[in-house]
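> Here is my input, please return the structure:
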Amino acid sequence: MKLTILGGGGFRVPLVYGALLADRAEGRVTEVALHDTDPARLASITRVLADQAADVPDAPAVSATGDLDAALRGADFVFSAIRVGGLEGRAADERVALDQGVLGQETVGAGGIAYGLRTVPVADLIARRVKALAPDAWVINFTNPAGLVTEAMARHLGGRVIGICDSPVGLGRRVARLLGAAPDRAEIDYVGLNHLGWLRGLRVEGRDELPRLLADRELLGSFEEGRLFGADWLQSLGAIPNEYLHYYYFNRETVRAYREAELTRGAFLRVQQSRFYAEPASLASWRRTLAEREATYMAENREASGAGERDEADLVSGGYEKVALALMRGIARDERATLILNVRNGTTLSVLDADAVIEVPCVVDAKGARPVSVAPLPYHAVGLVTAVKAVEREVLAAAESGSRAAAVKAFALHPLVDSVNVARRLVEGYREVHPGLAYLKG
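Okay, here's the model as predicted:
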């Protein structure tokens, strides 16, 4: 079975390959094709993968190419993890937004809109090439903003593109362990959009154990989301928000912390990864860099909330590579599983149309991924979900039409952008620093 990884020179590719190395079951991936537009990064990651495979018999064969069509031909699965504009682009997204006094995070707010406007045209092209060259392939999208990009690709690929994110999985695992439950046996009630969701229940043998956590203030303060949001707010919500909702609920404090930081997250990663890719690549250097990266994740939010440093339990993520492997296994081997994924809504959430991509538990088998039935969103969540989905639709409209007015509307409608005039300045600011946004006219 062939897996094509788009963004094959990306820093987290060894995580995916490591998961493949551990899979010894029949029908496993035997061929990995890496594609990237940066030959130097591609060469570095190829060397790291060679180190990983050194002592593993029958390791999946790895090839690398800058030719997209060659990488796609014959693929059974396509894993998309591209970063249009690189980390330089991410750092610019943050800087332009902060200059206007609004959040510049990678996927949330103004930064996420800018990233989407750069990425959707490229994702659209990739989807067209997949449809033409590998029409039977399944596309697993990890490219951010994951929900928006998945929806863009679904216009061409339908249900054969599925978005993944490790954030809700990591949240579910942390809550399960706190409650003494085996994460793989707990049934998680989670609903929303990518980076905008809530864990509303965690059932073990039919019993919802989340109320027990919400009633215990000491237990609430013992894990990352509890320290980020505070016990009072979690008890008021009656749910555990995805960590990215900290940008919404504590926006003023987070923007201040970002503006006062010596380096934004994108600038930090740009420096860190420039160092990694400039040195002779090895598995050891990659592991050191990964540890530093994970330890500093959402540092500004923890500073704004007084949450302190991440502890060992917080460093255990949902493992997006494990989610990807479980998804591939479920489809390729017809191994029924339930995973939190980004898929088309259908009739799952009545406040959204059928084509809207949402993030909910899904049943996975040889037919793909289908959302399970979930309870309606509470009103406070309806407001955020529908507002952000309206923004995503304007991003898609701007990317398709090249309309500057649609881009301004996307920024202006976002809950974290507080003025139409700010939205106009953001569009101009991003057009100045991103040549890839020159298509926005009119």
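> quick one: residue 330 and residue 324 touch, right?
No. In this structure, residue 330 is not within contact of residue 324 by C-beta atoms under 8 Å, at 10.8 Å. All C-beta spots, glycine's among them, are computed from the backbone N, C-alpha and C.
> for the chain, what are the low-confidence residue spans?
Scanning the chain with the threshold set as pLDDT under 70 gives 297-318.
> just the strands in it please.
2-6, 31-35, 61-65, 77-80, 138-141, 161-163, 187-193, 196-204, 207-208, 240-241, 337-344, 357-365, 368-371 (DSSP state E).
> Buried deepest among those strands, which one?
For the strands of the chain, the largest average neighbour count (mean count of other C-beta atoms under 10 Å) is found in strand 161-163, namely a mean of 28.
> Point out the other helices and strands that that strand packs with.
strand 138-141, helix 146-157, strand 337-344 (3 or more C-beta pairs under 8 Å, 6 or more residues apart in numbering; DSSP states H and E).
> Can you give me every residue that contacts residue 286?
11, 14, 48, 276 (C-beta atoms under 8 Å, 6 or more residues apart in numbering).
> burial of the first one, as a residue count?
This means residue 11. Residues within reach of residue 11, counting by other C-beta atoms under 10 Å, total 23.
> cool, and the second one?
Other residues within reach of residue 14 by the criterion other C-beta under 10 Å amount to 20.
> distance of it from residue 428?
39 Å (C-beta to C-beta, to the nearest Å).
> Select, out of the strands of the chain, the one closest to residue 442.
Counting by C-beta to C-beta, residue 442 lies closest to strand 357-365 out of the strands of the chain; the figure is 27.3 Å.
> Counting by contacts, list what that closest one packs against.
helix 146-157, strand 187-193, helix 320-332, strand 337-344, strand 368-371.
> Now do that strand against strand 196-204, angle only.
Angle between the axes of strand 357-365 and strand 196-204 is 30 degrees (criterion: axes from the mean of the first three to the mean of the last three C-alpha atoms, to 10 degrees).
> Alpha carbons of strand 357-365, as CSV, please.
The C-alpha trace of strand 357-365 is given here as CSV (Å, rounded to 0.1, in the frame of the first residue of the first chain):
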residue,chain,number,x,y,z
VAL,A,357,-17.1,20.4,7.7
ILE,A,358,-17.4,19.8,11.4
GLU,A,359,-15.3,18.0,14.1
VAL,A,360,-17.2,15.2,15.8
PRO,A,361,-16.8,11.5,16.6
CYS,A,362,-17.1,9.4,13.5
VAL,A,363,-17.5,5.7,12.7
VAL,A,364,-14.7,4.6,10.4
ASP,A,365,-14.8,1.5,8.2
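> what's residue 33 in contact with, if anything?
Contacts of residue 33 by C-beta under 8 Å, 6+ apart are 2-5, 8, 63-65, 70-71, 75.
> Tell me the bridge partners for it.
Note on residue 33: beta-bridge partners residue 4, residue 63, judged by DSSP bridges.
> And it, how far from residue 16?
Residue 33 is 12 Å from residue 16, by C-beta to C-beta.
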